[in-house]
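Q: Let's see this in three dimensions:
(2 chains)
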Amino acid sequence: AQSVTQLDSHVSVSEGTPVLLRCNYSSSYSPSLFWYVQHPNKGLQLLLKYTSAATLVKGINGFEAEFKKSETSFHLTKPSAHMSDAAEYFCVVSDPLSGGYNKLIFGAGTRLAVHP
Amino acid sequence: EAGVAQSPRYKIIEKRQSVAFWCNPISGHATLYWYQQILGQGPKLLIQFQNNGVVDDSQLPKDRFSAERLKGVDSTLKIQPAKLEDSAVYLCASSFQGVPADTQYFGPGTRLTVL
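A: The predicted model follows:
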């Protein structure tokens, strides 16, 4: 069965330093992978998605993620953190063989804190 | 373009009472999803509609939860009777077609507290 593991429940960085949020996936087929962000009291927003095209995916607000099949990883990075990046981040997998046309499986989330 | 609308934003009820949530998806989106997000966890799919038909309700507790999508547009999710463990944020999302890798757009959610 498909699953997603976010390796860190909390990450704390200083403003202006790099961000790394780690995600490993398990899928029986070639997956589609997503990163969503959730700011307090706001809806989930798509940051980026991988759909078997380029392995390095660029998203909004300077975020990017690299799909590494050999490591079954899809880590999210940003060169320089901004205070407004503080939020909850979810790694998500969509497995076309999971039943349902577009069933998303969410990780448990990583809370990113950004300090001045 | 208007986003996914949900109401109410907050609801507090006693256990064993009933409650209903409403969702209006993005215009033209064929697929509608309801998720449950318990505090500290990622969202979990409850039910998925393609137009007005159910595609996946394998994780919907059917003894107490029900959902419908009349005319393939708006949807309501109902809980009757509510239990303490139903306290969560209920998220509605929609996508254009519902095919794999189709982007899902989420509403702001309804925060339910069951006392």
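Q: what helix or strand does the residue nearest to B:Pro43 when sequence neighbours are not counted sit in?
A: Closest residue to B:Pro43 apart from its sequence neighbours, by Cβ to Cβ, 6 or more residues apart in numbering or on different chains: B:Tyr35 at 3.9 Å. In this view, the C-beta of every residue, glycine as well, is placed from N, C-alpha and C. Element membership for B:Tyr35, per DSSP states H and E: strand B:31-37.
Q: Can you list the strands that that strand pairs with?
A: strand B:44-50 (antiparallel), strand B:88-95 (antiparallel) (DSSP bridges).
Q: picking up where we left off before, and the residue nearest to B:Pro43, bridged to which residues?
A: Beta-bridge partners of B:Tyr35, as defined by DSSP bridges: B:Leu45, B:Leu91.
Q: so it touches B:Lys44, yeah?
A: Yes. In this structure, B:Tyr35 is within contact of B:Lys44 by Cβ atoms under 8 Å, at 6.2 Å.
Q: Who has more neighbours out of the two?
A: Shown here are B:Tyr35 and B:Lys44; by other Cβ atoms under 10 Å in any protein chain shown, B:Tyr35 has more neighbours (25 against 16).
Q: Would you enumerate the residues in contact with the more buried one?
A: Contact analysis of B:Tyr35 by Cβ atoms under 8 Å, 6 or more residues apart in numbering or on different chains lists B:43-46, B:90-93.
Q: One more: A:Asn24?
A: A:4-5, A:7, A:71-74.
Q: Would you mind listing which of these are buried?
A: A:4, A:73-74 (16 or more other Cβ atoms under 10 Å in any protein chain shown).
Q: that older thread, tell me which two of the contacts of B:Tyr35 sit farthest apart.
A: B:Lys44 and B:Cys92 (13.6 Å; Cβ to Cβ).
Q: what bridges to A:Ser26?
A: A:Ser3.
Q: Isn't it up against A:Ser73?
A: No. A:Ser26 is beyond contact range of A:Ser73, at 11.1 Å (criterion: Cβ under 8 Å).
Q: Enumerate the residues of chain A near chain B.
A: Residues of chain A lying close to chain B (Cβ under 8 Å from any Cβ of the partner chain) are A:32, A:36, A:41-46, A:49, A:51, A:90, A:92, A:94-96, A:99-104, A:106-109.
Q: among those residues, which are in helices?
A: Taking DSSP state H, every one of the residues of chain A next to chain B sits outside helices.
Q: Tell me the residue of chain A that sits nearest chain B?
A: A:Phe106 (3.1 Å; Cβ to the nearest Cβ).
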